[in-house]
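> Quick one: sequence and predicted model below, then my questions.
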Amino acid sequence: MLNEQPIFLNCFGGGGSTTLMSLLISHPDVCLSSGETHKVFKPGTRFDAGWLGIKKRFFYDYPIRLLTGQDIFSRRLLVERKHVPLYLQRYIDQILYQGRFLVRIESHNLYKSEGVEYTYDELAQCRLLTKSLDGTIFCVNMFREMYPGAMFFGLVRNGLALCEGRTRRGGSAERFAYVFNAVVNKMLILSTEMDNYHILRYEDMVLNPLNFMQRVYTLARLDRSKVAKVRMESRPVMGADGTRSLLRGSLKRLYWYTYDELRGYIRTDVDDNQIRQLSPMNRKTFLSLAGGTMERLGYPRE
């Protein structure tokens with residue numbers, strides 16, 4: 001395989017995965033593929049205009065679905081994936097590897113540290129990082145077969161805060177409860193079956209980002225001394241009054257923070273703010289279906 005010791009994040013959309021990803025790609029030895037796992041293989045990102053979108057649809061997505069008999073990289077498919085033959089694994093590996101060179105832009109793989117750009121050779125030697133949302137967690141068994149030296153992290157978060165984000169975007173509490181149960185149960189199974197699968201909590205990350213970062217780097221076998229500043233995208237977060245605003249600058253603009261500055265950037269009250277905005281009906285629906293799963297993760301039914 002072209003990718004050596006890659007790092008895979010299993011996360012919920014809107015679950016803090018961008019912050020975790022930013023902590024990891026702040027390390028100069030880690031780079032991204034061309035998007036979230038499902039977006040690497042399916043068109044629909046802002047990079048997919050013209051030929052690239054056509055290439056993804058007719059050379060990546062359709063052939064892989066045809067040859068496996070399953071929509072392998074579907075975010076909505078919440079079932080175990082079928083076995084993928086070796087020749088197709090190598091093709092998938094090649095697509096993931098080439099993706100790192102397609103996104104040499106500020107928000108992705110342009111800078112290895114503040115103001116210092118990657119050379120082509122440096123980027124080629126990086127460990128690949130990609131995040132898999134929702135149903136693409138069921139690709140883990142394929143990836144663990146492809147990459148025996150890979151590291152896997154599952155990021156969990158209070159389900160009520162996640163439910164608020166999904167319903168605010170038009171989803172249903174019932175549907176998200178189904179997704180939450182399926183994804184968390186899979187994470188728990190993987191964490192017991194695999195020595196290289198670790199479950200992380202969003203709340204630990206925001207409460208003490210430096211300790212959290214050190215733990216993740218240790219597990220991923222990354223040297224934190226190589227990181228002088230941490231890169232973060234400017235993204236909207238919810239305040240106590242329910243309004244969402246940027247903490248700094250322009251949307252998705254990249255900024256670099258010292259360790260002391262990082263404490264001020266990452267807010268600790270976002271969970272509480274989102275949970276307060278969740279309607280009583282959606283709260284009741286979610287807890288009736290997924291409250292037990294929340295308790296398995298150590299979250300109270302509040």
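Received the coordinates, thanks. Small disclaimer: the values here were computed from a predicted structure and weren't measured.

> secondary structure class for the residue nearest to Pro43 when sequence neighbours are not counted?
Leaving aside its chain neighbours, Pro43 sits nearest to Gly53 (4.0 Å; criterion: Cβ to Cβ, 6 or more residues apart in numbering). (Each C-beta comes from the backbone N, C-alpha and C, glycine too.) Per DSSP: H, G, I helix; E, B strand; the rest coil, the secondary structure class of Gly53 is helix.

> just Asn109 next, same as before
coil.

> hmm, back to that, looks like the residue nearest to Pro43 contacts Lys42 (just checking).
No - in this structure, Gly53 is not within contact of Lys42 by Cβ atoms under 8 Å, at 9.5 Å.

> The two - which one has more neighbours?
Applying other Cβ atoms under 10 Å to Gly53 and Lys42 shows that Lys42 carries more neighbours, namely 23 against 15.

> Next, find the distance separating the more buried one from Phe286.
Per Cβ to Cβ, to the nearest Å, Lys42 is found 28 Å from Phe286.

> Now Met232: which helix or strand?
strand 230-233 (DSSP states H and E).

> Same question for Asn185.
Using DSSP H and E, Asn185 falls in helix 173-193.

> ok now that helix, how far from the chain's centre?
15 Å (Cα atoms, centre = their mean, to the nearest Å).

> Gly135: what's it in contact with?
Taking Cβ atoms under 8 Å, 6 or more residues apart in numbering, we find Gly135 in contact with Ser74, Arg75, Arg76, Leu77, Leu78, Val79, Val179, Ala182, Val183.

> of the residues you listed, closest to Asn141?
Val79 (11.9 Å; Cβ to Cβ).

> That closest one - how many residues pack around it?
For Val79, using other Cβ under 10 Å, the count is 10.

> Check the secondary structure at it for me.
Per three-state DSSP, Val79 ends up coil.

> For the closest residue to it other than its chain neighbours, grab phi and psi.
Counting by Cβ to Cβ, 6+ apart, Val79 lies nearest to Phe138, which is 6.3 Å off, once chain neighbours are set aside. With angles defined as degrees, to the nearest 10, Phe138 sits at phi -80, psi 10.
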